Every structure is written in C-alpha cells, then in structure tokens.
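1. Turn this into a model:
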Amino acid sequence: MEYLIALRLIHIVSSVIWTGGMIYFALFVIPAAKSFGSDGFKFIQQLTITNKLPITMNAAAVLSIVTGIILMKELLGGLSLEMVRSPHGVIIVAGSLLALISFAIGLSVNFPAARRMNAIGKMLSISDLPSNPEHLHELQKLRRRSFAATNVIALLLFASLILMSVVKYF
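-> You can find the predicted model right below:
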C-alpha cells in the first residue's frame, strides 16, 4: 500500500510541474519573449539550454503518464467497460486522454520544431555570412507553430488538471 502512496505523490508532483510549467510558459514566458523579438527567442534558447527546461518538462510528463497508468491499473482495475460507464471513470479517462494528447502534441510539434530552430540558430551563429532570409522566415514559422502548440498543450493540461481534481466527487 505504501508504494501506491509514493506513486500517487510522484504522479501529483510531476503533473503539477508539467502542467504548471506549460501554463507559466504559455501565459508569461512566450508573451514576454515575443515582445523582445529576436532577443526574446535568444532568451528562450538560453532557458532551454542552461536550465534544462525540455528535459525537466519531458521527465515530468513521462512520470505523470507512467504513474497515472500504473495508478489506474492498481486502483481502478485498469481500463474496463464498467469503469467507463461510471461518471468517475469517464472523468478519469477524459483527463487521461487530454494529458496524452498534450504529450503527443509536444512530441510531434514542439520537439521537432525546437530541434530545427536550434539547428538553424547554430548555423546562423557560426556563419560569417549575412542571415539567410529563408532561414529567418523558417525560424519565424517554427516559432509561431511551437508557440501555438504550447498554448494548446497548456489549455489541454489545465483541463486535465481540473478533471482530475474534481473526479473524487463523482
């Protein structure tokens, strides 16, 4: 039974780090970075490199998802038809799906965009040539896509957090 308490603690803490981090990033960091133009993008790059933000957020997301799956299996008997028929089960499944969709968006949109932006940034920083307009256009496009995806992820995680917070009352 003690391991379930530890799993629940890990699940809650990692979920709060993941959700809170994404909401903070979407509501405060990105708008502030946008207001500084290219210097704001440099700040975000430095934030991700120096503080290992992507590693922290991904670790929190994976811990949240893995512990959530284990808890669902141990405490609710897994994903069964009876569970999904109850309001409690529907809320758990809905919250879980929102978190999984958020993770999938991060992996399929933000991760590739960040890798490409870093590659272009390195290429521009080591080159003695003037900035290539195509690279600058691609950077802007990748930033917009990544920022939009971050907003969607934050919204989905917030909804998941709300659902998981009220599930015990159903």
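2. buried stuff in the lowest-mean-pLDDT helix or strand in the chain?
-> When the helices and strands of the chain are scored by mean pLDDT, DSSP states H and E, helix 81-85 comes last with a mean of 76. For helix 81-85, the neighbour count (16 or more other CB atoms under 10 Å) marks Met83 as buried. Quick note: C-beta positions are derived from backbone N, CA and C, even for glycine.
3. next SSE after it?
-> Sequence order places helix 87-105 as the next helix or strand after helix 81-85, per DSSP states H and E.
4. In this structure His135 contacts Ile120, no?
-> Yes - counting by CB atoms under 8 Å, Ile120 is a contact partner of His135 at 5.2 Å.
5. quick revisit: how about residues contacting the least confident helix or strand of the chain?
-> With CB atoms under 8 Å, 6 or more residues apart in numbering as the test, helix 81-85 has contacts from Leu76, Gly77, Gly89, Val90, Ile92, Val93.
6. Buried ones among these?
-> Leu76, Gly89, Ile92, Val93.
7. burial count for the residue nearest to the third one when sequence neighbours are not counted?
-> Yep, that's Ile92 we're talking about. Spatially, and ignoring its direct neighbours in sequence, Ile92 is nearest to Val167 (5.8 Å; CB to CB, 6 or more residues apart in numbering). Using other CB atoms under 10 Å as the criterion, Val167 is surrounded by 16 other residues.
8. From Ile69, how far off is Val167?
-> Val167 sits 16 Å away from Ile69, going by CB to CB, to the nearest Å.
9. So which elements touch the top helix by length along the chain?
-> Taking DSSP state H as the assignment, the helix of the chain that covers the most residues is helix 133-166. The elements that helix 133-166 packs onto, with contact taken as 3 or more CB pairs under 8 Å, 6 or more residues apart in numbering; DSSP states H and E, are helix 2-24, helix 30-35, helix 87-105, helix 111-126.
10. for that helix, which positions count as buried?
-> Buried, per 16+ other CB under 10 Å, within helix 133-166: 139, 142-143, 146-147, 149-154, 156-161, 163-164.
11. That helix to helix 87-105, inter-axis angle?
-> Computed by axes from the mean of the first three to the mean of the last three CA atoms, to 10 degrees, the angle separating helix 133-166 from helix 87-105 equals 160 degrees.
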